[in-house]
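[1] I'll drop the sequence and a predicted model, then ask my questions.
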Amino acid sequence: MKKKLVVLSGAGISAESGLKTFRGGDGLWENHRVEDVATPEAWKASPKLVLEFYNQRRKQMNQAQPNAAHFTLAELESYFDVHVITQNVDNLHERAGSSQVLHLHGELSKSRSEIFADLIYEIEGDQLNWGDTCERGTQLRPNIVWFGELVPMIEPAAELVADADILLITGTSLQVYPAAGLVRFASEECVKFLIDPEGVEIYGISNLTIINKRAGEGLPALKNILIEKYA
Ligand code: OAD
């Protein structure tokens, strides 16, 4: 049986595809304060601004291509039972070929009713507009988990991590909870790697190797070691 390899990915894995991370130097996300575009309060106060912000993110995503890090994770499926748990709302893991991807914070490519949370739709193209409605006539919003909202997929994610033989953490500053707390569900025996070009604060985790590299460089190199030692 293949060993279970669980990946926790964040914005940094898509940086080499040209998509910006959240916590850059200026504290802004694409020139916006996060409270102005990624909260239920923002949606209530200025839905058109929020729609336009995510329309731009969706357009960037559709123009971007997966990079070596995304492709490496897809290739690892030949050797391991790979599950990707991503905080990213882009679809680059899927487009690189990963088949088991859990989106903790929702997906840019989908909309949902602002009232009926289980009415979820694919968005064709880049645009979701004011006046676009669900089959029951309510306004559609981006299918994104905003700050201040519950994270419905956190439990299945925690179960995957608890069951992991190998855990790869990459591209996340581990500053946003509950996602950041997932690391703590891994067993002591689980072999853990963190790949990030910057220093990420992480303490008290057993069996952890830190690799100070970009994901596009660090992951392909680590892939060969994983196959040799653990597959
Ligand atoms: P952050 O922007 O907080 O962190 C990005 C991490 O990626 C940092 O540790 C960078 O050092 C690292 N990084 C940058 N370039 C990299 C590269 N080429 N390879 C590997 N790592 C690189 O992003 P997240 O931790 O994903 O939530 O942010 C978590 C959540 O906060 C997001 O999902 C989003 C945000 O606000 C919502 O939208 C709900």
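    Arrived safely, thanks for sending. Numbers count the residues shown, from 1 in each chain.
[2] what does the protein put close to the ligand?
    Taking CB under 6 Å from any ligand atom, the part of the chain that reaches the ligand is made up of 10-13, 15-16, 21-23, 34, 38, 87, 105, 145, 147, 170-173, 175-176, 196-198, 200, 214-216. Every residue, glycine included, has its C-beta placed from N, CA and C.
[3] out of the residues you listed, which are buried?
    Neighbour-count burial (16 or more other CB atoms under 10 Å) is assigned, among the residues of the chain next to the ligand, to 10-13, 15-16, 22-23, 38, 87, 105, 145, 170-173, 176, 196, 200, 214-216.
[4] name the next helix or strand following the helix or strand encompassing residue 70 along the chain.
    In this assignment (DSSP states H and E), residue 70 forms part of helix 68-75. Note on helix 68-75: by DSSP H and E, the next helix or strand toward the C-terminus is strand 81-86.
[5] sheet-wise, list the partners of that next one with their directions.
    Here strand 81-86 has these sheet partners by DSSP bridges: strand 4-9 (parallel), strand 101-103 (parallel).
[6] buried residues in that strand?
    Neighbour-count burial for strand 81-86, with 16+ other CB under 10 Å as criterion, is recorded at 81, 82, 83, 84, 85, 86.
[7] dump those to JSON lines, plus pLDDT.
    JSON lines is the format used below for these (pLDDT from 0 to 100):
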{"residue": "81", "pLDDT": "98"}
{"residue": "82", "pLDDT": "98"}
{"residue": "83", "pLDDT": "98"}
{"residue": "84", "pLDDT": "99"}
{"residue": "85", "pLDDT": "98"}
{"residue": "86", "pLDDT": "98"}
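[8] for the residue of the chain found nearest the ligand, give its distance to residue 231.
    At 2.2 Å from the ligand, residue 12 is the closest residue in the chain, using CB to the nearest ligand atom. The gap separating residue 12 from residue 231 is 26 Å, by CB to CB, to the nearest Å.
[9] same thing with residue 132?
    Plainly put, residue 132 is 46 Å away from residue 231 if you go by CB to CB.
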